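> structure, please.
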Amino acid sequence: MAPPETVCTDDTGVQAVHVDADLLVLHKPSGLLCVPGRGPDKQDCLSARAQQRWPGALIVHRLDQATSGLVLMARHHYAQQRLSHAFAERQVHKCYQAVVQGQLGGEDSAWHDIDLPIAADWARRPLRVIDHHLGKPSLTRWRALAYDAQAETTRVELAPVTGRTHQLRVHLAAIGHAIVGDALYADAATQAQAPRLLLHASHLAFTHPVTNAGITLHWPAEF
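Numbering: from 1, shown residues only. This next block holds a predicted model:
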């Protein structure tokens, strides 16, 4: 097997963090869809750009359009099947960085849990809500990294245990610390603090679907 490629950027703007014969790990910028949306104006997306360079590349998981960071793709169906199974069995370790409104946590850097069930808000789709009767069990681990007293914001590290739609955004808003720049779940003042959602998928650790080697990748947040 050829050695993995190093970080590179091609003419489609896709940044490749890891490339081998079986899988890709790409950096998705904020504002780019992972897969095509409805309508001709929503066909540009990470998967389409990736397929221009790596024909046959297949989506394994997704990030919200507003979220930046690491996205894992497969280069053939066997790898997609193995990687999808790893996600379903929670064998892929993911970490995010975010900047949230207010002071969250203390100075001990201890991990804490947000254990609140999430359900679709059918009247306001695609939004999600905390619903203790109809919601699916949803668990997010978080720890504070730094508090900015001037901006009154906290940088946090997030480790989702489950993978519900909008989970991190909904959970942080539910405990009174919405993510800065969040156009869906933050109030107007918190939205206005940044031109984008300050949420970034910074870390991926998983077992290679063919070689069984452990792979750990990190891409720092650009905010």
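> show me which positions of the longest helix anywhere in the chain end up buried.
Under DSSP state H, the helix in the chain containing the largest number of residues is helix 77-88. Within helix 77-88, the residues that count as buried by 16 or more other C-beta atoms under 10 Å are 79, 80, 82, 83, 84, 86. For every residue, glycine as well, the C-beta is placed using N, CA and C.
> and what of stretch 172-186?
Neighbour-count burial for stretch 172-186 flags 172-175, 177-182, 184-186 (criterion: 16+ other C-beta under 10 Å).
> again, but for stretch 202-213
For stretch 202-213, a neighbour-count test (16+ other C-beta under 10 Å) marks 202, 203, 204, 206, 208, 209 as buried.
> biggest separation within these, which pair?
Largest separation among those by C-beta to C-beta: 202 and 209, giving 22.1 Å.
> give me the subset of the buried residues of stretch 172-186 that lies in strands.
Assignment to strands by DSSP state E places none of those there.
> redo those residues as CSV? Include pLDDT.
Putting those into CSV (pLDDT from 0 to 100) gives the following:
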residue, pLDDT
172, 98
173, 98
174, 98
175, 98
177, 98
178, 98
179, 98
180, 98
181, 98
182, 98
184, 97
185, 98
186, 98
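> start to end distance for stretch 177-187?
By C-alpha to C-alpha, to the nearest Å, the extent of stretch 177-187 from end to end equals 10 Å.
> from the chain's centroid, how far away is that stretch?
Mean-position distance between stretch 177-187 and its chain equals 16 Å (C-alpha atoms, centre = their mean, to the nearest Å).
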